[in-house]
Each structure stands twice: as C-alpha cells, then as structure tokens.
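Structure for this input, please:
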Amino acid sequence: QVQLVESGGGLVQAGGSLRLSCAASGRAFSGYAMGWFRQAPGKEREFVASVSGAHSTYYADSVKGRFTISRDNAKNTVYLEMNSLKPEDTAIYYCAASVSAFAATKSRNFDYWGQGTQVTVSS
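The predicted structure follows:
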C-alpha cells in the first residue's frame with residue numbers, strides 16, 4: 001500500500017509560480033512511475049505530467065514549457081514546478097503512483113492517489 005500526500009497548493013496571480021510536492025510512503029518509490037493530474041470544477045480529471053522510474057518525463061500539451069515534473073528518490077517525493085500560471089490552470093491537483101516503472105498518461109494506469117491540493121490562479 002502506498003500513501004500519497006500533496007502539498008504546496010494555494011492562490012496565485014496569473015503569471016505567478018507554485019511548486020507542488022507529493023510525499024510517498026513505501027520503500028519501492030524509486031520503482032514507481034509518478035504522475036500529476038488535475039480536475040477543474042465541472043470537468044473530467046486530466047493528465048498533467050508524469051515521470052518514470054528512469055526519470056523520463058511526459059507532459060500534457062497545455063502545460064508543456066511551463067510545468068516541470070521531477071522526483072527525488074532519496075526523499076520519496078515528486079514535485080511539480082508550475083510557472084507562468086494561467087486562470088485555466090485552476091483545479092485540484094492530484095498526485096498518483098503506478099507500480100509500473102513506465103510513465104503513463106492515463107489515469108487508469110495509476111494505482112494509488114493522493115487527496116489532492118487546490119490551485120487557484122486569479123486573473
């Protein structure tokens with residue numbers, strides 16, 4: 001069983017930056033692929049970014065060039081650095097873990113989920 005706890009959300013003005021963190025329990029963290037998803041009010045959960053066990057990264061087109069996902073296996077933590085934030089980035093951001101080391105972009109490929117952290121970008 002893997003527990004994921006997100007932090008770092010908040011309110012920021014458009015053009016600003018935030019860094020989300022996701023701390024994971026368990027000794028096999030380095031072998032998991034990790035991902036970030038988000039869900040805005042009235043919309044379906046969507047893929048944001050993922051990183052494989054080998055540190056390969058994948059991004060949604062909507063965040064490419066603005067967001068950076070990274071992981072620190074020594075700290076069992078994955079990060080999402082978000083720059084040039086836009087009001088349309090407002091959502092609850094969820095961290096997810098996959099027991100497969102290969103990064104995925106579909107929520108069905110992830111086995112464990114955090115509770116989410118709210119990100120609000122004001123215009």
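
which ones are touching the most centrally placed residue in the chain?
Residue closest to the mean C-alpha point of the chain, counted by Cα atoms, centre = their mean, is W36 at 2.3 Å. Neighbouring residues of W36 by Cβ atoms under 8 Å, 6 or more residues apart in numbering: 20, 22, 48-50, 69, 78, 80, 93-96. Glycine gets a C-beta too; all of them are placed from N, C-alpha and C.

That one and A23: what is the separation?
With distances taken as Cβ to Cβ, to the nearest Å, W36 is found 14 Å from A23.

try L80
According to Cβ to Cβ, L80 stands 13 Å off from A23.

Looking at those two, which one has more neighbours?
Each of L80 and A23 has its neighbours counted (other Cβ atoms under 10 Å); L80 has more, 27 against 16.

is it true that the more buried one lies in a strand?
Yes. Counting by DSSP: H, G, I helix; E, B strand; the rest coil, L80 is found in a strand.

got the contact list for it?
19-20, 22, 36, 48-49, 67-69, 93.

got those as JSON lines, with pLDDT columns?
Shown next, in JSON lines, are the contacts of L80 (pLDDT from 0 to 100):
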{"residue": "R19", "pLDDT": "98"}
{"residue": "L20", "pLDDT": "98"}
{"residue": "C22", "pLDDT": "98"}
{"residue": "W36", "pLDDT": "98"}
{"residue": "V48", "pLDDT": "98"}
{"residue": "A49", "pLDDT": "98"}
{"residue": "F67", "pLDDT": "98"}
{"residue": "T68", "pLDDT": "98"}
{"residue": "I69", "pLDDT": "98"}
{"residue": "Y93", "pLDDT": "98"}
